[in-house]
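S.K.: Here is the input, now give the coordinates:
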Amino acid sequence: MSEPTATGRTALIVIDMIHTYDHEDADLLLPSARKIVPVVGDLLAAARSAGTAVVYANDNFGQWRSHHGEIVRAALDGPHADLVQPVTPDDDSLFVVKARHSIFYETPLAYLLWELGVTHVVLCGQVTEQCVLYSALDAHIRHLDVTVVSDAVATIHPQLADAAMEMMRRNMGARVLAGADVVFTTCERAQGGWRERETLT
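M.R.: Okay, the predicted model is just below:
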């Protein structure tokens, strides 16, 4: 998968993976989350190696005075740190705190992507039938190209997740790819944005 346009950039968006898993549906989510963590980790490694922008969009869990460092620390100190450690932000990662389902709702993400010159977002994280679905819709109506990584999105209700994937594909024109089929272009940081250097094969 190369860049969808000649001039736009791609960003990998990691949705709600910094998580304490202490909500009422956690028992239903955890088995799926365990399956996707290695794939999300591989996507992160590939994106970082290529110089692709990585943006974490993460719930604040109702802690309005928390910042991203506190959110990460709370997740790492929780009972499921093994699901968080492999996908934690590095020093180059960008972090947007959200309060509702969509990564765009009342967050600076749209401006951030515009500033980076991003026209294509690759979505991974949780959960498919909630935050991933609504985020894909909001990206689509902002005229962003959308790729959803099918084996890097976790579910609570598989039947709803299947319907959500079909909606994203049919109604939003999203590409639905397995993680092994996602290839980021190699980029170098340049003043004012990201510049393509070569394409990985």
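S.K.: Val54 falls within a strand, correct?
M.R.: Yes - counting by DSSP: H, G, I helix; E, B strand; the rest coil, Val54 falls inside a strand.
S.K.: Report the contact partners of it.
M.R.: With contact taken as Cβ atoms under 8 Å, 6 or more residues apart in numbering, Val54 is in contact with 11-12, 14, 44, 47-48, 89-90, 92-94. From N, CA and C alone the C-beta is placed, and that goes for glycine too.
S.K.: quick one: which of the residues you listed sit in helices?
M.R.: Per DSSP state H, helices hold the following members of these: 44, 47-48.
S.K.: I'd assumed Phe104 was in contact with Arg142.
M.R.: Yes - using Cβ atoms under 8 Å, Arg142 is in contact with Phe104, at 7.1 Å.
S.K.: Mutual contacts of those two, please.
M.R.: Common contacts of Arg142 and Phe104, defined by Cβ under 8 Å, 6+ apart, comprise Ala110.
S.K.: more crowded one of these two?
M.R.: The neighbour count for Arg142 versus Phe104, taken as other Cβ atoms under 10 Å, is higher for Phe104 (22 against 15).
S.K.: So the residue nearest to Ala99 when sequence neighbours are not counted versus Met167, what's the distance?
M.R.: Take Ala99 and drop its neighbours on the chain: the residue closest to it by Cβ to Cβ, 6 or more residues apart in numbering is Asn60, 5.8 Å away. Separation of Asn60 from Met167 (Cβ to Cβ, to the nearest Å) stands at 27 Å.
S.K.: picking that back up, check the contacts of Val54 for burial and list the buried ones.
M.R.: 11-12, 14, 44, 47-48, 89, 93-94 (16 or more other Cβ atoms under 10 Å).
S.K.: Before we go further, Thr147 is sitting in a helix, right?
M.R.: No - counting by three-state DSSP, Thr147 is not part of a helix but strand.
S.K.: tell me how far stretch 111-124 is from the chain's mean position?
M.R.: Counting by Cα atoms, centre = their mean, to the nearest Å, stretch 111-124 is centred 11 Å from the centre of its parent chain.
S.K.: mind saving the C-alpha coords of it as PDB?
M.R.: Output in PDB follows, covering the C-alpha atoms of stretch 111-124 (Å, rounded to 0.1, in the frame of the first residue of the first chain):
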ATOM      1  CA  TYR A 111      -5.900  20.700  12.500                       C
ATOM      2  CA  LEU A 112      -2.900  18.600  13.400                       C
ATOM      3  CA  LEU A 113      -3.400  16.400  10.400                       C
ATOM      4  CA  TRP A 114      -3.700  19.400   8.100                       C
ATOM      5  CA  GLU A 115      -0.600  20.900   9.600                       C
ATOM      6  CA  LEU A 116       1.300  17.700   8.800                       C
ATOM      7  CA  GLY A 117      -0.100  17.500   5.300                       C
ATOM      8  CA  VAL A 118      -1.900  14.200   6.000                       C
ATOM      9  CA  THR A 119      -4.500  13.200   3.500                       C
ATOM     10  CA  HIS A 120      -4.700   9.500   4.400                       C
ATOM     11  CA  VAL A 121      -5.200   7.900   7.800                       C
ATOM     12  CA  VAL A 122      -4.500   4.300   8.800                       C
ATOM     13  CA  LEU A 123      -6.800   3.300  11.700                       C
ATOM     14  CA  CYS A 124      -6.000   0.700  14.300                       C
END
